[in-house]
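K.L.:
Make a model of this:
(one chain, ligands or ions: 1)
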Amino acid sequence: MLELTRKLRPPAPEPRTEPLGPIALLRVLLNNPLEAWTEAHFQKPIVTMGLSIGRVAVVSEPNAIRRVLLDNAGNYKKDWLQRRVMSAGLTKGLLSAEGNQWRMQRRALAPMFTPRSVATFAAPMAQAAQAMVARLRAQEGKVVDLAVELTRTTLDVLERTIFSDGLGRDAEDIRKGMRVYFESVGRIDPFDMLGVPSAIPRFTRFGIGPAMRLFAAAIDTVIAKRRRRIADNPNAAPHDILTLLLKAEDPHSGRRLSEQEVRANVLTFIAAGHETTANCLTWASFLLSQSPEWHERVQSEADREAGSDARNLADRLVETRAVIDETNRLYPPIAAISRVALGPDQLAGERISRGTIVVIAPYVLHRHRSLWHRPDEFDPNRFLGGAREHVGRFAYLPFGAGPRVCIGAGFALQEASIVLATLLRNFSLVLSPKHSVWPVQKFTVRPKDGLPMILQPRA
Ligand code: HEM
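P.N.:
Okay, the predicted model is just below:
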């Protein structure tokens, strides 16, 4: 068929023709793992190799992925590297818990992330988006780093949805603690990559103790205050995630979350939910700035829909959502999900031995030559109308799948839709001239050196 429009091919490293040697590979993995992938990864159903951390199998065949994440999920545990990196400071939260503790928490927390419950957070999300517009209007004519602004916005959404009555006297301690936390604990330390025992201190985490202690103490104060408020009058407590956490109960055992579990999950939601969603929004803004067609389409939809009531707004933002889904395909914030095999198995025709690290890399899967037409091109039409039905459940995994699928997926998609539409309703997005964007993976996939943009106010 004759292609009438040339599609945008956004920046991405060229797959290598040959795998790197061990030292060069370690260097690339520490700097930007996206640059390590080879042509074979984007073409074959499974690629296995031996690394210093053990045997690794990168799986990109949807049935095999389904086996790892769902059908035989009991044989695959979150691996030590992922757990160490993601759970530093988050022990006992949903992301890092295992076994019975995870099951109990997942059952207790599920009701707060149902579509009905998430819909009740549309209003605070819209308020955070409006606050962002006000901040951006104050910087009119200047080059702004939109990556920074969007990160501030996603933190604001979490602040408003978790602590709807504010952070009280300790607000600045909490915000400072959060910054320190995410600049250090949430980062991959080279020692983690090398498998250095956790008893050896990480230099990227030196000196964070006092700020972290202040942070934890300030959060505990907010939680204790809310607990007293609920005890005084359960019906008068504000409707937000903190109240839901304190009231959450495992339907099987009737058990409530412990003090430590409540705090760990507050931190987990902030850690798992802010940088991921901010990067999704940052990439979507970049892609729109490069695609006049979709910039126009999202703007018209925002003009039509985004001025009205925030309730159900995300459901009406169909084209905006297609852009977000396509953004999460090309630049999945979580570029790789990993598990370790507890026992032998067979995946995509290959024998998997006990202890193998199985990597499912949405970044590779979403650009796999056998699964997508013109995989490196930006085309949100893939997610519109009937086309969406052709996207395989296990070929598109920005939020993972199976029992450990992202509990916040609906929350993140609603938030991203509302924030992106609000941004486009108020501004036209122009990338700062001469800036070239390059994706790097540092915990999440983000543009190297941020996203300097000139935001042109609309009437
Ligand atoms: C675009 C935004 C987001 C992306 C791309 C994303 C991606 C993911 C992925 C891939 C996983 C599965 C990891 C695995 O299987 O190893 C996950 C798990 C998780 N996510 Fe998200 N996430 C996002 C937003 C959020 C938000 C907003 C929240 C909370 C408010 C959240 C909370 C969690 C939690 C608690 C888990 C662990 C679930 C469990 O193990 O039971 N995420 N996320």
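K.L.:
Close to the ligand: what parts of the stretch 251-400 of the chain are there?
P.N.:
Proximity of the stretch 251-400 of the chain to the ligand, by CB under 6 Å from any ligand atom, involves residues 268-269, 272-273, 276-277, 280, 333-334, 337, 398-400. (C-beta placed from N, C-alpha, C; glycine too.)
K.L.:
Just send the residues you listed back as a markdown table, with neighbour count and distance to Lys78 too.
P.N.:
Converted to a markdown table, those look like this (neighbours: other CB atoms under 10 Å; distance: CB to CB, whole Å):
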| residue | neighbour count | distance to Lys78 |
| --- | --- | --- |
| Thr268 | 26 | 14 |
| Phe269 | 24 | 18 |
| Ala272 | 22 | 13 |
| Gly273 | 22 | 18 |
| Thr276 | 24 | 17 |
| Thr277 | 26 | 21 |
| Cys280 | 28 | 22 |
| Pro333 | 25 | 18 |
| Ile334 | 23 | 13 |
| Ile337 | 23 | 9 |
| Pro398 | 24 | 18 |
| Phe399 | 20 | 15 |
| Gly400 | 16 | 11 |
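K.L.:
helix or strand right after the longest helix that the chain contains?
P.N.:
Criterion DSSP state H: the longest helix present in the chain is helix 259-290. Later in the chain than helix 259-290, the nearest helix or strand by DSSP states H and E is helix 292-305.
K.L.:
pull the CA atoms of that following helix into PDB?
P.N.:
Output of helix 292-305 as PDB, limited to C-alpha atoms (Å, rounded to 0.1, in the frame of the first residue of the first chain):
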ATOM      1  CA  PRO A 292       2.400  18.200  13.900                       C
ATOM      2  CA  GLU A 293      -0.500  15.800  13.100                       C
ATOM      3  CA  TRP A 294      -0.800  14.400  16.600                       C
ATOM      4  CA  HIS A 295      -0.100  17.700  18.300                       C
ATOM      5  CA  GLU A 296      -3.100  19.100  16.400                       C
ATOM      6  CA  ARG A 297      -5.300  16.100  17.100                       C
ATOM      7  CA  VAL A 298      -4.600  16.100  20.900                       C
ATOM      8  CA  GLN A 299      -5.000  19.800  21.000                       C
ATOM      9  CA  SER A 300      -8.500  19.600  19.300                       C
ATOM     10  CA  GLU A 301      -9.600  16.900  21.600                       C
ATOM     11  CA  ALA A 302      -8.300  18.800  24.700                       C
ATOM     12  CA  ASP A 303     -10.200  21.900  23.500                       C
ATOM     13  CA  ARG A 304     -13.400  19.900  23.100                       C
ATOM     14  CA  GLU A 305     -13.200  17.900  26.400                       C
END
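K.L.:
what's the host helix or strand of Ala108 packed up against?
P.N.:
Ala108 belongs to helix 99-109 when assigned by DSSP H and E. Judged by 3 or more CB pairs under 8 Å, 6 or more residues apart in numbering; DSSP states H and E, helix 99-109 is in contact with helix 259-290.
K.L.:
what's the spacing between Pro433 and the ligand?
P.N.:
Distance, Pro433 to the ligand, using CB to the nearest ligand atom, to the nearest Å: 29 Å.
K.L.:
any idea which element that residue lies in?
P.N.:
Pro433 belongs to no helix or strand, assigned by DSSP H and E.
K.L.:
For Thr48, give me the backbone phi and psi.
P.N.:
Reported as degrees, to the nearest 10, the phi and psi values for Thr48 are phi -110, psi 150.
K.L.:
Beta-bridge partners for it, please?
P.N.:
In this entry, Thr48 is beta-bridged to Ala57, by DSSP bridges.
K.L.:
I'd like the next helix or strand past the helix holding Ala108.
P.N.:
Assigned by DSSP H and E, the successor of helix 99-109 is helix 115-119.
K.L.:
same for the very next helix or strand once past that next one, what does it pack against?
P.N.:
Heading C-terminal from helix 115-119, the first helix or strand you meet, by DSSP H and E, is helix 122-137. Using 3+ CB pairs under 8 Å, 6+ apart, the elements in contact with helix 122-137 are helix 146-162, helix 313-316, helix 409-426.
K.L.:
now whichever helix or strand comes after the last one and helix 122-137, what's the angle there?
P.N.:
What that stands for is helix 409-426. Once the chain leaves helix 409-426, the next helix or strand it forms, by DSSP H and E, is strand 427-431. Orientation check (axes from the mean of the first three to the mean of the last three CA atoms, to 10 degrees): strand 427-431 against helix 122-137 gives 60 degrees.
K.L.:
Give the other helices and strands that strand 427-431 contacts.
P.N.:
helix 259-290, helix 292-305, strand 452-457.
K.L.:
Quick check: neighbours of it in the sheet, parallel or antiparallel?
P.N.:
Per DSSP bridges, strand 427-431 is paired in its sheet with strand 452-457 (antiparallel).
K.L.:
Next, the buried residues of the strand it pairs with.
P.N.:
If you call a residue buried by 16 or more other CB atoms under 10 Å, then strand 452-457 has these buried ones: 452-455.
K.L.:
ditto for stretch 431-439
P.N.:
431, 437, 439.
K.L.:
What's the separation between the first one and Gly349?
P.N.:
Taking CB to CB, to the nearest Å as the measure, Leu431 falls 44 Å from Gly349.
K.L.:
again with the second one
P.N.:
From Val437 across to Gly349, the span is 38 Å (CB to CB).
K.L.:
Trp164 in helix, strand or coil?
P.N.:
Check again: residue 164 is Ser, not Trp. Here Ser164 is recorded as coil under DSSP: H, G, I helix; E, B strand; the rest coil.
K.L.:
Just give me the neighbour total for it.
P.N.:
17 (other CB atoms under 10 Å).
K.L.:
The residue of the stretch 201-350 of the chain found nearest the ligand: what's its closest spatial neighbour, skipping adjacent residues?
P.N.:
Nearest residue of the stretch 201-350 of the chain to the ligand, counting by CB to the nearest ligand atom: Gly273, 2.9 Å away. Spatial nearest neighbour of Gly273, chain neighbours left out: Gly408 (5.2 Å); criterion: CB to CB, 6 or more residues apart in numbering.
K.L.:
tell me the contacts of the one you found?
P.N.:
If you count contacts by CB atoms under 8 Å, 6 or more residues apart in numbering, Gly408 has them with 113, 269, 272-273.
K.L.:
Kindly recompute the last result at 10 Å.
P.N.:
94, 109, 112-113, 118, 158, 268-269, 272-273, 276-277, 399, 415 (CB atoms under 10 Å, 6 or more residues apart in numbering).
K.L.:
which of those residues lies closest to Asp165?
P.N.:
Among the contacts of Gly408, Leu158 lies closest to Asp165 (CB to CB), at 14.4 Å.
K.L.:
Surely Phe443 touches Ile334?
P.N.:
Yes - using CB atoms under 10 Å, Phe443 is in contact with Ile334, at 8.8 Å.
K.L.:
Which residue is it, in the protein, that comes closest to the ligand?
P.N.:
Closest to the ligand within the chain is Gly408: 2.2 Å, counting by CB to the nearest ligand atom.
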